[in-house]
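Trainee: pasting the structure only:
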Ligand SMILES: Nc1ncnc2c1ncn2[C@@H]1O[C@H](COP(=O)(O)OP(=O)(O)OP(=O)(O)O)[C@@H](O)[C@H]1O
């Protein structure tokens, strides 16, 4: 399903409200990964939480195939949108398999038993995330990276139309980061879902992603392909610091 932001302003209510990103008009397409980049504090997490319906937008509308996400009843929203946040999860005593199974909850309610097809989906999702061996391991006994794989498996078990991930590669080693981006692109393509993720892996995204939203650090978000954002100087303007410069020709950051 296509995700459309129509004049969206995000931030925090209060007196006065704290506006973080203003009047965003953006699209993320089904079957693709859209990578949200931006420096620290640019508003990536705020935007992802708002898109997922976890916090109210201050203005405008977030639409998933035309339906206003913020107006969806929570149960319907949970069936359509899966969210993987970096926050610590309080599910320490559950095993990897049990956590992944939680992805079926929006579809069935607590009382139902898992069907054979659902159990297969859970096993397949853990396998796909390289976490099959964690099915019987309790969450609190896992490393951060292992826990992250299980949480993404849970999101896949949910079979969402929109998958939102806040820094999914934060705890992963370098090979696993590259693999994760490729895997998410494959999943988006296979299942026709819209994947929106934030990451600080700028160079990796610029080499591998099709579509980028760039939170520029000034309250705006520009979108485009890596090539257009590099050519326009938007990447350099967003990330350059007095000592670090983005080398557009090489596609890497250099320390001066
Ligand atoms: N609960 C809150 N109330 C008020 N302001 C907040 C709240 N949470 C975050 N902010 C502010 O919103 C702005 C954007 O924060 P956000 O966490 O969305 O940025 P980010 O791009 O995800 O940053 P990072 O890359 O460091 O994770 C920051 O100025 C932050 O201080």
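Mentor: The structure has been received and is ready for your questions. Remember, it's a predicted structure, so these values are computed and weren't measured experimentally.

Trainee: OK, contacts around the residue in the stretch 151-256 of the chain positioned nearest to the ligand?
Mentor: At 6.1 Å from the ligand, residue 215 is the closest residue in the stretch 151-256 of the chain, using CB to the nearest ligand atom. No exception for glycine: its C-beta is placed from N, CA and C like everyone else's. Contacts of residue 215 were listed using CB atoms under 8 Å, 6 or more residues apart in numbering, and they are 21, 36, 37, 38, 39, 42, 43, 44, 47, 221, 238.

Trainee: what sits closest to it if chain neighbours are left out?
Mentor: When the adjacent residues along the chain are set aside, residue 215 lies closest to residue 38, with 3.0 Å between them (CB to CB, 6 or more residues apart in numbering).

Trainee: for the ligand, what are the nearby residues on the protein?
Mentor: Taking CB under 6 Å from any ligand atom, the part of the chain that reaches the ligand is made up of 12, 18, 20, 38, 40, 41, 42, 43, 44, 45, 46.

Trainee: how about the third one, what does it touch?
Mentor: For residue 20, the contacting residues are 10, 11, 12, 43, 46, 47, 219, by CB under 8 Å, 6+ apart.

Trainee: likewise for the second one?
Mentor: Residues near residue 18 by CB under 8 Å, 6+ apart: 11, 12.

Trainee: same thing but 10 Å
Mentor: With contacts taken as CB atoms under 10 Å, 6 or more residues apart in numbering, residue 18 has the following neighbours: 10, 11, 12, 46, 58.

Trainee: quick check: the farthest pair among the residues you listed?
Mentor: Taking CB to CB as the measure, the contacts of residue 18 reach their widest spread between 46 and 58, a distance of 10.2 Å.

Trainee: so what sits against both of those two?
Mentor: Residues touching both residue 46 and residue 58 by CB under 10 Å, 6+ apart: 10, 11, 12, 18, 20, 21.

Trainee: would you list every one of the strands in the stretch 101-250 of the chain?
Mentor: In order along the chain, the stretch 101-250 of the chain carries the following strands (DSSP state E, counting those that start in this stretch): 162-166, 194-198, 211-215, 221-224, 244-247.

Trainee: follow-up on the earlier one: right, and the pair among the contacts of residue 20 with maximum separation?
Mentor: The most widely separated members of the contacts of residue 20, counting by CB to CB, are 12 and 219 (13.6 Å).

Trainee: when the two are compared, which one has more neighbours?
Mentor: Applying other CB atoms under 10 Å to residue 12 and residue 219 shows that residue 219 carries more neighbours, namely 17 against 12.

Trainee: SS state for the closest residue to that one other than its chain neighbours?
Mentor: Here the nearest residue to residue 219 in space, its sequence neighbours aside, is residue 22; by CB to CB, 6+ apart that works out to 5.0 Å. On the three-state scheme (DSSP: H, G, I helix; E, B strand; the rest coil), residue 22 is labelled strand.
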